[in-house]
Every structure is written in C-alpha cells, then in structure tokens.
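Participant: After the sequence you'll find the predicted model.
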Amino acid sequence: MQRNRKWFSHALRALAVAPALIAGYVAAAESPFIHPASRKPEAKNMQLVGYSDLQARSAYQPVIHHQGDRYIAYVGHHGGTQDIPQPLNPLTKQKENNGTSIVDVTDPKRPKYLTHIPGEPGLGEQGGAQMVRICDGKKLPKGDPSKVYMLRTGGTAAQEVWDVTSPERPSLITTVIGGLKDTHKNWWECDTGIAYLISDGRPEKWRTKRMTKIYDLSDPAHPKFIRNFALVGQQPGSAGENVPEDTHGPIVLGNRVYFGYGTLLSGVIQIVDREKLLKGNPASSDPFAPTAENLLYPQVSRLDMYPTVGAHTTFPMLGMEVPAFEKFHTKTGDFRSGKPAKRDFLLVVNESTQNECHEDYHMMFMVDITDETKPYNVSNFYVPEKSGDFCARGGRFGTHSSNEDMGPIYYKKLVFISWFNAGLRVIDVRDPFTPREVAYYIPAINKNTAKRCLRVNGVESCKIAIQTNNAEVDDRGYIYAVDRANTGMHILELTGPARKIANLK
C-alpha cells in the first residue's frame, strides 16, 4: 500500500510538471541551439576590461586611434541581418543601416558610444561600411594639420573620406570612387597619403570582383588616381579558366607591399616592390596599362598556397632574431659581429567561411621571406577542435585575421588571431618556427548574438555562437575584439605569463 501511494504521488508530480516540460521542449525546438560552453566566457591568461554592445551591429574592422588626449575606436560594420536589417540607434531613436561606430575608449573600463555613421543598405557583406582607416592631417603631406581623416568603404558601392576631427560630429569630405559592386580591406599610408583601395574590377573588365585601385590621398579632399593592380590572369582580356582568387587586402612596410589573395580557396601571397608599383614599368609605352608585363614588373615573388586555403592577412615581421639559431652562422650571417643573420617572416592567416566545419581547416602559417624571392612556409598553428567541441557550437570555426598594429609592445612577440567561435587566440611568435598559444578569450553569447544557419541536403539548422571577427591593439596594450554575430566589442588585457612576454606592468 505504501509503495502504491509513493507511486501515485510521483505520478501526480509528473503530470503537474509535464506541461512545463513539453513547453520547454517545444521552445527548444523552435529556437536555435546554444552550446552549453557558449553561455559563459572562457579564458586563459586574459581578462575582460570593458565592453560596448556597438548597438548590436555585425562588426568587422576596429581601428584604435590616439586622438589628442583621447583614444577613439572606429569600428567598421557589415550590413544587417535578415531578422534585423536596420538596428535601432538609441542616440537618434532611428533604425539605421549598419555603417561605422565611433566609441571613446579613453577609459577602457567605461567605453562611451559617441555616434554611428550609417552605411549602405544590404545584408551581411553586401551592406554596411566594413573597412576603416584613420590618418592625422599633420602626418599627411597635404592634409590640414588641424584635422583627423577617416577612409572607409561605403558598403560595397564606394570608397569615402570623412572628417572625424570631432568624432562626435563626423562629416563626409569626398567620395573617392563610386558605382562599385564590391570593396574590402584597404590600406592607407599616413606618411605619404598613398591608399590601396580594394575595389570591384568588373566595371573596367577586370576578371575579379576585388582588385586594387591605388590613389594618392595625401590631400584627402582631392584624390588622385594612380593605377589599377592585380595578379596576372585577372587583367582585362586575359584568357584561361583558372582565374586567381580575388584580392583580399594589402599591408605595406618599407618598400614592400604584401598582398593576400583568396579567402577560402586558391590563396596567393604576393610580395611587390612599392616603388616599381607606383612608378610603373619604364619599358612600356603605357607604364600602367593592364598588361601581363606591367603587372609582373613590380612583383618580387609569388607563393601559391594549398588549393583549399586562402590568404586573408599577410602581416610582415621583419628582422626577427630566432633564439634557436643563435649559435648557427650561415652565409647570410653577420660574421664581423659574430651574430647570425636576422630573419624575415610573413604571418599568413586564412579565413574560415563555412559554418560548422564544412570546409578544410583554416589556420595561421609562418612564411620565411628572408630570401624574399623564395618564400616558403616553415610552421603553422591551429586550435584543436576537440579542445572546445567547436564544430558543434555553430557558426564558423577557424581563423579570420590577425591584428595589424606594429607598435613595440607586441610586434614580433605576440599576435592576436580571431578564431570565430573559438574567440581570440594569442600566439607567441618569438620563435617563428614553433609558434605556441599563451592566452585566449572566448566571450559569452548575449541577447544580441545572432543565429548562424547551415543548410545540408535541403534542411536548415541554426545555432547561436560567438563569431570573433577581427582584433586590434592600442599603444597602451589593450586588445579589442569585435564580433561578426552582433555580440559587440570586448576590450581585453593579458594576465599572467602572457603579460610578461610583452613586458607589461
């Protein structure tokens, strides 16, 4: 009898909670899956300092500029999502196309959102204003020394220059070029004004949606076109089916321009003589004509990567002393001092583009360019998938980009690699032949984190996961990581052994 009463009591209790359980199961079935690990931050030798929600906008490129007595973060955004094509700007009380966020990060613990400049309509990479660069007028040869200038993409349609002297009140100065259907990652030399603008080549019959248009922006109000540039095979009138992948973006250091081509496939690394690039081929009657000879003239070398990986970022680290080689003396060594030669490297990062690991694994590579005519890969680094069950978390897992700042705090010591749902990874590159991870930070998802969907065999499934997109550092040592899935901007600092590597107090 006692057993029957106990059973009856359990049955009643089960019936009482059944509606709640059923409702819970229904809710779970109707909402995107969230991996348990995604609900809280995960960290090693790294901690959160401050946070900005960036008005829940998908973020691409952050640039941190020391502007007077303030530090200002300029953040380029992708376009909106299908669910929220125009997020609300609480400052204007208006729904706006994603564009550029301007945030005062002077106090990194309390970032202050200053203003949002709307961008082009469109979803994902087809809208917004993803790329941003900043130059002080006092550094530009013909700039107004009292002004600060911002170069940004106008969605996929244009390249623009803005006056951000007062970051709260930006104003458009000029549209450098319009009528495009694609743009991407630019570079701007503040000391010369030369700008390398990744732009749509198809209107001028180039066989690529992303090639390089080079402009003189030394006087930002009066742009001067210099030339078009791309790989041989992408020029108008070229033949053949195997057209090289699109230009992703350049980085300039000294008299060299380091170009990356491709994202997911057929990556190419190209080292170019900057002076020859800007002056053109003297043996040609038209030095900048898009001929194979003129395109090859400034090329120092080209390295074709494995067919299933691309070259998103090509970050030069020159003159590195390799501790393991200190007792070895080669033909390129400095025998008078008794020291071996320093070596030059390119950090090359691929871009993961497919959700839930439906592609080859993308990672970072170290390419030795000591003899820049013969670049070769000497090492790589990747995050083990099993360490966080990352393929099951949803969204992209793999590399996207590295920081690009060359300031003395981290340069040639630590690099910060965005790894999408594996967050931000910090890699010790002091021995380029054996890079190793010393820190990481994976933010927690929040109410703004957008779903990421995958369609397999006609069936779509969606999950919610962190998508750390790009990262940058400032001259105080703070690290800024922004999220592709609308989660916001996390301001971070190193702790423990990782902090000691950078000699930070």
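Facilitator: Yep, it's here.

Participant: C-alpha from now on. contacts and neighbour counts both.
Facilitator: Will do.

Participant: Stretch 451-461: end-to-end distance?
Facilitator: Length of stretch 451-461, first residue to last, Cα to Cα, to the nearest Å: 10 Å.

Participant: what comes into contact with it?
Facilitator: Stretch 451-461 is contacted from outside by 32, 355, 356, 394, 395, 462, 463, 464, 465, 485, using Cα atoms under 8 Å, 6 or more residues apart in numbering.

Participant: 6 Å - rerun?
Facilitator: 395, 462, 463, 464 (Cα atoms under 6 Å, 6 or more residues apart in numbering).

Participant: Can you pull the phi/psi pair for the first one?
Facilitator: Note on residue 395: its backbone torsions stand at phi 70, psi -160 [degrees, to the nearest 10].

Participant: So it sits against residue 355, correct?
Facilitator: Yes. Using Cα atoms under 6 Å, residue 395 makes contact with residue 355 at a distance of 4.5 Å.

Participant: who has more neighbours, those two?
Facilitator: Shown here are residue 395 and residue 355; by other Cα atoms under 10 Å, residue 395 has more neighbours (27 against 21).

Participant: check contacts around residue 258.
Facilitator: 250, 251, 270, 271.

Participant: what do you get for residue 135?
Facilitator: Residue 135 neighbours (Cα under 6 Å, 6+ apart): 149, 190.

Participant: Across the sheet, point out what pairs with it.
Facilitator: Beta-bridge partners for residue 135, by DSSP bridges, are residue 149.

Participant: Quick check, pLDDT for it.
Facilitator: The model reports residue 135 with a pLDDT of 98.

Participant: now the strands for the stretch 301-450 of the chain?
Facilitator: 313-320, 343-349, 364-368, 376-381, 397-402, 414-420, 424-428, 436-442 (DSSP state E, counting those that start in this stretch).

Participant: Relative to residue 96, which of these is closest?
Facilitator: strand 414-420 (25.7 Å; Cα to Cα).

Participant: re the thing from before, by neighbours, which of the contacts of stretch 451-461 wins?
Facilitator: With neighbours defined as other Cα under 10 Å, the most crowded of the contacts of stretch 451-461 is residue 395; it has 27 neighbours.

Participant: Quick check: the gap between that one and residue 293.
Facilitator: Note on residue 395: its distance to residue 293, by Cα to Cα, is 43 Å.

Participant: Residue 373 too?
Facilitator: 18 Å.

Participant: What is the neighbour count of the closest residue to residue 158 other than its chain neighbours?
Facilitator: Once flanking residues are discounted, residue 158 sits nearest to residue 178: 4.2 Å by Cα to Cα, 6 or more residues apart in numbering. Neighbour count for residue 178, taken as other Cα under 10 Å: 14.

Participant: Also residue 285?
Facilitator: With other Cα under 10 Å as criterion, residue 285 counts 8.

Participant: again with residue 88
Facilitator: For residue 88, using other Cα under 10 Å, the count is 17.

Participant: And residue 458, by the same measure?
Facilitator: Per other Cα under 10 Å, the neighbour tally for residue 458 reads 7.

Participant: One more: residue 233?
Facilitator: Residues contacting residue 233 under the criterion other Cα under 10 Å number 21.

Participant: Leaving out sequence neighbours, find the closest residue to it.
Facilitator: Closest to residue 233 by Cα to Cα, 6+ apart is residue 243, at 5.7 Å.

Participant: where does the one you found land in three-state SS?
Facilitator: Classification of residue 243 by DSSP: H, G, I helix; E, B strand; the rest coil places it in coil.
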